[in-house]
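Peer 1: my questions are about this predicted structure, shown below with the sequence.
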Amino acid sequence: MKGKKRLHLNKISTVISGTSYFTAQKKLYALNQLIVESNKTAAKISQIIDKLTHIKPTTVFTSVADNKTSLEYTFKKSGDVLFNEFATLSGVKFLIIYIDGLINKETLRRDVINPFITKSKELQANTLLDSKILKSLIPSNIVGTKKMSAVIDDIINGNAVMFVDGVDTALLIDCRGWEKRAVAEPDTESVIRGPREGFIENIRTNTSLLRRKIKNPNLVFENINLGKQTKTNIAIAYLDGIVNQAVLSEVKRRINKIDTDSILETGYIEQFIEDSPFSPLATIANTQKPDMVAAKILEGRVAIFCDGTPHVLTVPHVFIETLQTSEDYYNRPFMASIWRMLRVLALLVSILVPGLYVALQTYHQEMIPTILLLRMAGSISDIPFPAGAEMLIMSIFYELLRESGIRLPRAVGSAISIVGALIVGESAVSAGLVSAPVVIVIAIAGVSGFIVPALSEAVVIYRFFFLIAGTLMGLYGIVCGIFIVVMQAVSLRSFGVPYTSSLSPSSQGVLKDFIIRFPLWLMKKRPEDIVKDNDQRQGEN
Amino acid sequence: MIILKRAFVITLIVAITLSLTGCWNRRELNTLGIIGLVGVDTGNNGIKSTFEIIKPEKTSKGTGDKSQTPVTYMQANGSTLIESFRAVPVRFERKLFVSHAKGFLFSEEVARKGLIENLDMILRDHELRLTMHFIIIKDSTASDAMSVTGGINTIPSSYVEDLVKQYKVHSTSVDTNILDFLKSYYSKGINPLVTVLKKVKKDKVGKNDQEEYELSVEGSAVFLKDRLVGFLDGPETRGYNWVVGKVSSGVVTFPTPNSNGLTSVEIFQAESKMDVEVNGNDIKIKVKINMNGMIDEETTTIQLTDPAVIEILEQANSQAIKQEVEHTLQKVQKEYKSDVFGFGQIVHRKYPQQWKNMQDNWDELFSQASIEVETEAKITKTGKSTLPAKE
């Protein structure tokens, strides 16, 4: 043991002459330095290589292999981007790139690949070829481009791109075909009389639906891509010659200022461009029905389509539009006018009745007819809550029921109505937790709220607002509340058009198409608040 | 800066408007005792008030016991009316709520002393309505009459209200509210005439040993200013209604001329024209009454198809009205010396100069005035059958 240790401790100089511990240490240090430096250089080199590979080629390569590597790099080898390599009978290699699911493979095979292979026997391999000759070989809609960015855009948008070896042009093949829903009746805006078709999630189908309504070269769709990541297709539609130019330019200005990652629905656009983001009343309308959009465009409005949603925005939006339905114009004027009045009534009932009930019951008992008062007094005699709290609880419960009814799967939906009708309607009343008049009031308010769907969000907010106002201050509070709500509504503008026109500021329209819908042959002018010039709809004056 | 200023102004406005409200009180419905009727009698230290408080009917099914009276009564004494109101909560758990009171009942005894002191509270308090029925209870105390329910209504206040409103059908009473009374009281040249109710024994129908009572509308009460001076019975009250043109319905029955029977004519429409002529000290009251009616019952065999017969009947009819009216006028003039019709107001309008000398002793002058009643009756229909039932 001792001898071994000793041997180990022998100096290197005894083994190799002319060396010492210190020189070895020095050399080792120098070596370490060298390694660190070389690592640094290696990093720099890899950075440069990285940079070099990151530079997107601006033009298309002539070789198929180069194009393939470049595009593979661009698409990060994403699984749904397919690179199909073929060769003609004469040996010319060609490459077709597309995103699986976005194109119609049947069309691609039938109209592009087969004809190309059969007709290209005489093409020479490994030579420079003219793209014009290639185009003549394919009986399909083909555009040639040399820009790599255009190639990428086209692939993303669902076209196929073909590269042929030896050609410095990419051939963009239009063979889009992806899964889409059929045109169907929208759930929310169903009608008895009038067209059943509704917009779908595909913007082209939607614009075509509108084009079929307005067969006029003046109908313009201006395409814009929005969203830095999503690159969503947006179309601004208007009827040139009728549209209010001021509104149109304002719409374009606001849309162009949108700077966001994604546009997934028109709701995104709406929130970016609306006039009063904090107002309960929306200043932009949306609809799913082509006939509604057509009617609004014909009144000089601007429509905004967005790919991926059946909801189309129309601006400017004024208050009375919320009370109008397409059927108002398809039915004869008498019923239409009566229905419009009923809608106004329903709106007021839905907003005011819970607040009024509490106000009358807790502050103004003298205003309730005696018999009714006695009935009410009888039914609430054992209720443990004050009237305002009771109404608030029931209102919140109603909103919960409504919300769960929307979210639940259809099959379970009936459970909600059972819970709502039986437990709340029957048991809570007979158990003496809630009084029957409150349940009735909530039911009336709730049912009325559905009559004006365009305002349903505002109605809920206002209902609670008036309920609280009525609970705290009685009729005085309700009147103050009406004052605030009306002031706020009157102060609103939608793209420069006053929200409450044509009532305030009043114009001829308040007579003809507000509460009462005049016969169509009497409505000779377009709404003058929206169309500034060219407001003659029909006839002479 | 501007925003700060605006915020300040808005807060100021809100603060001011919220603090400048009028009567404001939050009270849950189930803390209120809803009063249906108030009865005022003389009590130990001035006034004894009786309140009919309605028990709200519970809506829950199967309460069963329907015989339970839906009201409860509270009685309280006080030197003033409001004091008696405020004496109730000592023995009653709910706040009295008077806005829905259907009527104020005063006993004859209180009314003879003069009512105006009691009405001051009704005028002043914010909860009381001036359109409440104003009723004098004849012969008994108000509290005694309040507990009577003779009709179908189980709540006595509704019973009283509906009963009083029946005056339109028979025209033998009046329906006055507090406002009417006060208007007449404050005007010169007119005195109040007020509804009268009386507690009467119910006629026994069938086997029923129990003594039952009901209320009956007994004409009207004549006031001199705020003091009850006497009563008019049913037909006399209709005489008053003829004069002031308030007859809206009813039946005039008179002996059929030249035969042994009666004719009843239903009143369709009645109009009156009141006039006063003043010549020096000579005052002449002129009343012209037009009536339009239909023969509703004829007990004789006269030919109603003959226009001449109808004319004779019209004559008799107008005579019957004339007698009724003259009787009432004379009774009010001679017995009560109180111008409940408002002839004084006509004098005021027609002879404003002379009125200045007359206004203070008008009721005396009224009792001396001569009367001229002119009546005209028209029978326009004879009903479903043209021939009398009797052969």
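Peer 2: Structure's in. What do you need? Residues are numbered from 1 along each chain as shown, chains lettered A, B, ... in the order given.

Peer 1: could you pull out the buried residues of stretch A:408-425?
Peer 2: Of all the residues in stretch A:408-425, those buried under the rule 16 or more other C-beta atoms under 10 Å in any protein chain shown are A:416, A:420, A:424-425. Heads up, the C-betas are built off the backbone N, CA and C, glycines and all.

Peer 1: ok, stretch A:138-146 next?
Peer 2: Neighbour-count burial for stretch A:138-146 [16+ other C-beta under 10 Å]: A:138, A:140, A:142, A:144-145.

Peer 1: in those residues, which has the lowest confidence score?
Peer 2: Within the set of the buried residues of stretch A:138-146, pLDDT is lowest for residue A:140 (67).

Peer 1: about what we covered before: of all the buried residues of stretch A:138-146, which comes closest to chain B?
Peer 2: Comparing the buried residues of stretch A:138-146 against chain B with C-beta to the nearest C-beta picks out residue A:145 as the nearest, at 55.1 Å.

Peer 1: give the rounded mean pLDDT of stretch B:371-389.
Peer 2: Rounded mean pLDDT across stretch B:371-389 is 88.

Peer 1: ok, now stretch A:204-223?
Peer 2: The model assigns stretch A:204-223 a mean pLDDT of 93.

Peer 1: from chain B, how far out is the residue lying closest to residue A:182 once chain neighbours are set aside?
Peer 2: In space, residue A:182 comes closest to residue A:200 once its chain neighbours are excluded; the distance is 7.4 Å by C-beta to C-beta, 6 or more residues apart in numbering or on different chains. To chain B, residue A:200 is 47 Å away according to C-beta to the nearest C-beta, to the nearest Å.

Peer 1: three-state assignment of residue A:200?
Peer 2: coil (DSSP: H, G, I helix; E, B strand; the rest coil).

Peer 1: which residues touch it?
Peer 2: Residue A:200 makes contacts with A:180-184, A:206, A:310, as judged by C-beta atoms under 8 Å, 6 or more residues apart in numbering or on different chains.

Peer 1: output stretch A:274-286 in PDB with nothing but the alpha carbons.
Peer 2: Below are the C-alpha coordinates for stretch A:274-286, written out as PDB (Å, rounded to 0.1, in the frame of the first residue of the first chain):
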ATOM      1  CA  GLU A 274     -67.900  50.500 -32.300                       C
ATOM      2  CA  ASP A 275     -68.600  54.100 -31.200                       C
ATOM      3  CA  SER A 276     -69.400  53.600 -27.500                       C
ATOM      4  CA  PRO A 277     -67.800  50.600 -26.000                       C
ATOM      5  CA  PHE A 278     -69.300  51.300 -22.600                       C
ATOM      6  CA  SER A 279     -72.900  51.700 -23.700                       C
ATOM      7  CA  PRO A 280     -75.400  48.900 -23.000                       C
ATOM      8  CA  LEU A 281     -76.900  49.700 -26.400                       C
ATOM      9  CA  ALA A 282     -75.000  48.300 -29.300                       C
ATOM     10  CA  THR A 283     -74.200  50.800 -32.100                       C
ATOM     11  CA  ILE A 284     -73.600  48.000 -34.600                       C
ATOM     12  CA  ALA A 285     -76.200  45.600 -35.800                       C
ATOM     13  CA  ASN A 286     -75.600  42.000 -36.800                       C
END
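
Peer 1: buried residues, that stretch. List them.
Peer 2: A:274-275, A:280-286.

Peer 1: let me have these in a markdown table, extended by distance to chain B, secondary structure and pLDDT.
Peer 2: Formatted as a markdown table, the buried residues of stretch A:274-286 follow (distance: C-beta to the nearest C-beta, whole Å; DSSP: H, G, I helix; E, B strand; the rest coil; pLDDT from 0 to 100):
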| residue | distance to chain B | secondary structure | pLDDT |
| --- | --- | --- | --- |
| A:274 | 22 | coil | 92 |
| A:275 | 19 | coil | 92 |
| A:280 | 19 | coil | 93 |
| A:281 | 20 | coil | 93 |
| A:282 | 25 | coil | 92 |
| A:283 | 23 | coil | 93 |
| A:284 | 27 | coil | 94 |
| A:285 | 31 | strand | 93 |
| A:286 | 33 | strand | 92 |
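
Peer 1: for those residues, work out which two are farthest apart.
Peer 2: A:280 and A:286 (16.1 Å; C-beta to C-beta).

Peer 1: after the host helix or strand of residue A:439, which helix or strand is next?
Peer 2: According to DSSP states H and E, residue A:439 maps onto helix A:436-449. For helix A:436-449, the following helix or strand on the C-terminal side (DSSP H and E) is helix A:456-491.

Peer 1: so which elements touch that next one?
Peer 2: helix A:333-362, helix A:387-407, helix A:436-449 (3 or more C-beta pairs under 8 Å, 6 or more residues apart in numbering or on different chains; DSSP states H and E).

Peer 1: and chain B, which of the buried residues of stretch A:408-425 contact it?
Peer 2: Subset of these in contact with chain B: empty, counting by C-beta under 8 Å from any C-beta of the partner chain.

Peer 1: for these, which one is nearest residue B:13?
Peer 2: Looking across the buried residues of stretch A:408-425 and measuring by C-beta to C-beta, the closest to residue B:13 is residue A:424, at 40.8 Å.

Peer 1: ok, now which ones touch the closest one?
Peer 2: Taking C-beta under 8 Å, 6+ apart, one finds A:394, A:397, A:401, A:434, A:439 in contact with residue A:424.

Peer 1: so which residues of the stretch 201-350 of chain B form helices?
Peer 2: B:234-244, B:307-331, B:343-350 (DSSP state H, counting those that start in this stretch).

Peer 1: the closest residue to residue B:350 other than its chain neighbours: neighbour count?
Peer 2: Once flanking residues are discounted, residue B:350 sits nearest to residue B:276: 6.6 Å by C-beta to C-beta, 6+ apart. By the criterion of other C-beta atoms under 10 Å in any protein chain shown, residue B:276 has 21 neighbours.

Peer 1: look up which residues are beta-bridged to residue B:276.
Peer 2: residue B:285 (DSSP bridges).
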